[in-house]
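# with the input below, show me the fold.
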Amino acid sequence: MDRASGGGGDDGQRFDSTSPASAEPVRRRRPVFFVVLLLGTTALLWVAAAARQLTLARATPLALRGADPQLAGGYLDCRERLTKLAPEHLRRSVDCFTGLVTQHPGFAPGYAGLADTYQLLGEYGLMPDGEAFPLAITAARKAVELDPSSSLGHRALAVAAFHWSFDVPTAEREFRTALDLDPEDAEAHRGFANALMLLGRQAEAMAQIDRARALEPASSGIAAERALILHRAGRTDEALGVLKELARIQPELLAAHRHLQTIDFERGDYAASLLEERSVAELLHDGGTVAAVTEEAETLQSAGTAAFLEALRVRRLARYQRGSGGAYLLAQVEALRAHRDLALVHLEEACAAHEPSAMAMRVDAALVSLHGETRFRNLLARLGLPEVE
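Numbers count the residues shown, from 1 in each chain. As a prediction, the model looks like this:
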């Protein structure tokens, strides 16, 4: 709009600040304007500060309550990166927590957050489990050493005890300790729910995940975990509905795609499983897996299930031999190909290597054909898992 043409007043005229007629109204209005602006800015700053304090109170309330506000804010900033579960954010979270504990070596929650980050790097294949879990355990132990009442430290020790050490009694004790120290820690409820699910204690798992959801109803990660527990409890259609909706509204949510991949694979819907595996690979910027999955989908369509399983076996074997894949995944394929002896050999290798996925063998539908084998039952006992019925 032409500045000389008006628009500042109803009649199209503009005030000339040099004219006597307009100078006085401007002087009278300016203080009122700046007072309103100042009050509005102050109110916005107060609301922002109050919102941050509310966030701080909700994020592991007991662990951070009473902590120095700057340290607690630093923890939340690092944690925000962690919750996004994208490779670049997970790596930044390591740097963030490392910087936090370097500057403040007596801050126990910082070490616990570092432990959580290392565990997630292992879970999403961004760091070998043999590196990730020892680093996580060291950080978690430091958190508990600094503060024996650190619920976050005990929670991290529980996850490592279950998924790395295969020490079910210690894991359950640490989960219960964490929850006794902080009953409002939604992540502890979620982690305990996952362990109980793998132990086949589905009613207890559902109670724990429902408590987590009540504490953090907006958490997509908790919603995805609950869907997987629904599947394990025999409510697969409901689980698929939840996960598909999560993937639709949050296509970057890794957990939704990974759980869909797992469920579809166990149901024998390999085409759907490959689509979800491709989504996961794209989110992780894994071009090699994207190309392999594309070829396997074409094999499945053109040559059928047997040819697809053979192609999958070849890919998983190559990754295993390179040290970038696990024996457990090979066991799944060999069991589905009715090669029970080979499947059991790979399961034994997975247990010996402390592959975290081995803790799923009791509930994994791909391994049902092995349930009657003595070697399979021996492996369950070795991992502290209950016998199958």
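
# from H371, how far off is L379?
11 Å (C-beta to C-beta, to the nearest Å). Glycine gets a C-beta too; all of them are placed from N, C-alpha and C.

# those two: who's more crowded?
L379 (20 against 14; other C-beta atoms under 10 Å).

# so that one touches L347, yeah?
Yes: between L379 and L347 there is a contact under C-beta atoms under 8 Å: 5.8 Å.

# identify the contacts common to these two.
Shared contacts of L379 and L347 (C-beta atoms under 8 Å, 6 or more residues apart in numbering): M361.

# need the pLDDT of V94.
Here the pLDDT value assigned to V94 is 88.

# for the closest residue to it other than its chain neighbours, what are its contacts?
Spatial nearest neighbour of V94, excluding adjacent residues (C-beta to C-beta, 6 or more residues apart in numbering): T117 at 5.1 Å. Residues in contact with T117 (C-beta under 8 Å, 6+ apart) are L82, L90, S93, V94, F97.

# mind redoing it with 10 Å?
Shown in contact with T117 (C-beta atoms under 10 Å, 6 or more residues apart in numbering): 78-79, 81-82, 89-98, 127, 132, 135-136, 139, 156.

# of these, keep whichever come out buried.
Judged by neighbour count, with 16 or more other C-beta atoms under 10 Å as the criterion, the buried members of the contacts of T117 are 78-79, 81-82, 89-90, 92-94, 96-98, 127, 132, 135-136, 139, 156.

# re earlier: how close does the residue nearest to V94 get to A350?
As judged by C-beta to C-beta, T117 and A350 stand 24 Å apart.

# also I263?
21 Å.

# over to L121?
20 Å.

# one more: Y124?
18 Å.

# so these two - more neighbours on which side?
Higher neighbour count among Y124 and A350: A350, with 23 against 18, using other C-beta under 10 Å.

# what's the spacing between the more buried one and M197?
From A350 across to M197, the span is 19 Å (C-beta to C-beta).

# same question for E225.
From E225 to M197 the distance is 9 Å (C-beta to C-beta).

# can you list residues touching both of these two?
Common neighbours of E225 and M197, using C-beta under 10 Å, 6+ apart, are A205, Q208, I209.

# average model confidence for the one helix or strand the residue nearest to V94 maps to?
Counting by DSSP states H and E, the element that carries T117 is helix 108-123. Here helix 108-123 scores 91 as its mean pLDDT.

# buried residues, it. List them.
In helix 108-123, counting by 16+ other C-beta under 10 Å, buried: 108-123.

# and it, how far from the chain's centre?
12 Å (C-alpha atoms, centre = their mean, to the nearest Å).

# just the C-alphas of it, formatted as CSV.
C-alpha atoms of helix 108-123 as CSV (Å, rounded to 0.1, in the frame of the first residue of the first chain):
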residue,chain,number,x,y,z
ALA,A,108,22.7,-37.9,39.7
PRO,A,109,19.7,-37.4,37.2
GLY,A,110,22.3,-36.4,34.5
TYR,A,111,24.0,-39.8,34.8
ALA,A,112,20.6,-41.6,34.8
GLY,A,113,19.6,-39.7,31.6
LEU,A,114,22.9,-40.7,30.0
ALA,A,115,22.2,-44.3,30.9
ASP,A,116,18.8,-44.1,29.2
THR,A,117,20.4,-42.6,26.1
TYR,A,118,23.0,-45.4,25.8
GLN,A,119,20.3,-48.0,26.1
LEU,A,120,18.2,-46.4,23.4
LEU,A,121,21.2,-46.2,21.1
GLY,A,122,21.6,-49.9,21.5
GLU,A,123,17.9,-50.6,21.0
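
# is it correct that G287 is in contact with R278?
No: counting by C-beta atoms under 10 Å, G287 stays clear of R278, with 11.1 Å between them.

# the two - which one has more neighbours?
A direct count of neighbours by other C-beta under 10 Å for G287 and R278 places R278 higher, at 21 against 10.

# any idea what sits nearest the more buried one, other than its immediate chain neighbours?
R278 sits nearest to V293 (C-beta to C-beta, 6+ apart), 4.7 Å away.

# what sits against A311?
A292, E295, E296, A297, E298, T299, L300, A303, V333.

# actually, Q301.
Q301 neighbours (C-beta under 10 Å, 6+ apart): A271, L274, F308.

# output the below-cut-off pLDDT ranges for the chain.
1-63, 65-66, 81, 83-87 (pLDDT under 70).

# tell me how it divides into domains.
Domain ranges of the chain: 8-58, 70-304, 305-389, per automatic domain parsing.

# the second one: end-to-end distance?
The straight-line separation of the ends of domain 70-304 (C-alpha to C-alpha, to the nearest Å) is 59 Å.

# tell me how far it lies from the chain's centre.
4 Å.

# do the same with the last one
Domain 305-389 has its C-alpha centroid displaced from the chain centroid by 24 Å (C-alpha atoms, centre = their mean).

# how long is it end to end?
End-to-end distance (C-alpha to C-alpha), domain 305-389: 29 Å.

# so is G125 in a helix, a strand, or just coil?
At G125 the chain is in coil, as set by DSSP: H, G, I helix; E, B strand; the rest coil.

# any chance you could map the helices in the stretch 201-350 of the chain?
Assigned by DSSP state H, counting those that start in this stretch, the stretch 201-350 of the chain shows helices spanning 202-215, 220-232, 236-249, 254-267, 270-283, 287-303, 305-322, 327-336, 340-352.

# ok, now the stretch 51-200 of the chain?
61-64, 69-83, 87-103, 108-123, 129-146, 151-163, 168-181, 186-198.
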